[in-house]
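Engineer: sequence and predicted structure are below.
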Amino acid sequence: MSDAEWAVVRDALPVPGWLEGRGGQPESYCHRQMVDAVRYLVAGGIAWRAMPADFPAWDRVYAFFRRWRDKGLTAEFHDRLRNRVRQVAGRDAEPTAGVIDAQSVKAAASVPAATRGFDGGKKVNGRKRHIVVDALGLLLAVTVTAASVTDRDAGRDLLVRLRGRHWRITRVWADGGYTGQLVDFARSLLRIALTVVKRSDDASGFTVLPKRWLVERTFARLMHSRRLARDYETRTDTSETVIKWAMNMIMSRRLARRAR
C-alpha cells in the first residue's frame, strides 16, 4: 500500500480490545505488514507457503487471516470501508436497494466434495458465489455454496442474511433465475420487493440490462484478484472472507484516489 492508502486503511481497522481496556494480549506485529501480506496473497493468487520473505512468516500471516475471519474482524473492516465510500459519494451509509446475482467458478483439488458441485447451465464443476451489491456496486452480502445449488435456494438464505444486516433494504433487482416462490418469500416475510429484470426476446448477443450491470461489474472487478480466478479454499467461509479482502482493496484504492 502507498502511504495515502494506508492512511485510509488505518482509520478503518477494527480497534484491538486491549487498546480499549477490554483485556487481551497486546499485538506484537505490524498491522500494515500483515494487511499488505494478505492483500498480496489475494491479488497475486499465491499459496500461503509461497509468501515472499519481505513479509512476516506465512504461518503468522495465516494466523492473522484466520483470527480476523473467525472473530468477524474482516467483515467489520469491510463494512467500515463501504460506509466511508458511500458517504464520500454523497449517499447514506445504509443502502435501500441492491442487486443480486451468482457466479460459478471452477474449484481446485483442495476443495472437498461436500462443498462442490456441477453447474449444468454454466458447465462448471466447482463452487458458486452469490452476492448482493448496492447501487455503487459495493458488496452488501455474500455466500458461497456448491455450484449445484440453484440461485433460488441460495437466494433465500442470502436475502435473509441481507435483511439481518441491512434493515433499510426494500428493493432488490435480479435476473430470471430468481423467479417463482422466492419473489413471494421476499415480499411476504422479508418485506423486500424482488424485481426480476428480464432480457428482451428480441435482443441478440451481449446486452447491458438495467440495474443488473452493477453486479456484473462487481464480479469483473473481483476477478482482477487472481486468488478468486478459481476457488482454492477448503471452507466456504474462507472463500467469503477472501472475497471481502478483494473488495477491501477496491474500496481503499478508491478512497485513496479521492483523498488526493
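Structural biologist: Yep, that arrived. Note that the coordinates shown come from a computational prediction; the quantities given were computed from them, not determined experimentally.
Engineer: buried set for whatever helix or strand Phe77 lives in?
Structural biologist: With elements delineated by DSSP states H and E, Phe77 resides in helix 73-88, which encompasses its position. Using 16 or more other CB atoms under 10 Å as the test for burial, helix 73-88 gives Thr74, Ala75, Phe77, His78, Asp79, Arg80, Leu81, Arg82, Asn83, Arg84, Val85, Arg86. From N, CA and C alone the C-beta is placed, and that goes for glycine too.
Engineer: nearest to Ser110 among these?
Structural biologist: Proximity to Ser110 was ranked across the buried residues of helix 73-88 by CB to CB; first place goes to Thr74, at 20.4 Å.
Engineer: against Met223, how distant is that closest one?
Structural biologist: Applying CB to CB, to the nearest Å, one obtains 20 Å for the distance of Thr74 from Met223.
Engineer: state the number of residues packed around the closest residue to Ala75 other than its chain neighbours.
Structural biologist: Spatially, and ignoring its direct neighbours in sequence, Ala75 is nearest to Lys244 (6.5 Å; CB to CB, 6 or more residues apart in numbering). Other residues within reach of Lys244, judged by other CB atoms under 10 Å, total 20.
Engineer: again, but for Gly121
Structural biologist: Taking other CB under 10 Å as the criterion, the count of residues near Gly121 is 10.
Engineer: find me the pLDDT at it, would you?
Structural biologist: Model confidence at Gly121, given as pLDDT, is 90.
Engineer: list the residues that contact it.
Structural biologist: Contacts were defined as CB atoms under 8 Å, 6 or more residues apart in numbering; by that measure Gly121 touches no other residue.
Engineer: one more: Val42?
Structural biologist: Contact criterion CB under 8 Å, 6+ apart gives Ser225, Arg227, Leu228, Val242, Trp245, Ala246, Met249 as the residues in contact with Val42.
Engineer: and those residues, which of them are in helices?
Structural biologist: Using DSSP state H, the members of those that fall in helices are Val242, Trp245, Ala246, Met249.
Engineer: next, format the residues you listed as CSV and append distance to Phe64, neighbour count and pLDDT.
Structural biologist: As requested, the ones in helices among the contacts of Val42 are exported to CSV (distance: CB to CB, whole Å; neighbours: other CB atoms under 10 Å; pLDDT from 0 to 100):
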residue, distance to Phe64, neighbour count, pLDDT
Val242, 14, 24, 98
Trp245, 12, 23, 98
Ala246, 17, 22, 98
Met249, 16, 22, 97
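Engineer: list just the nearest of those residues to Ile131.
Structural biologist: Minimum distance to Ile131 across those is 11.4 Å, recorded for Ala246 (CB to CB).
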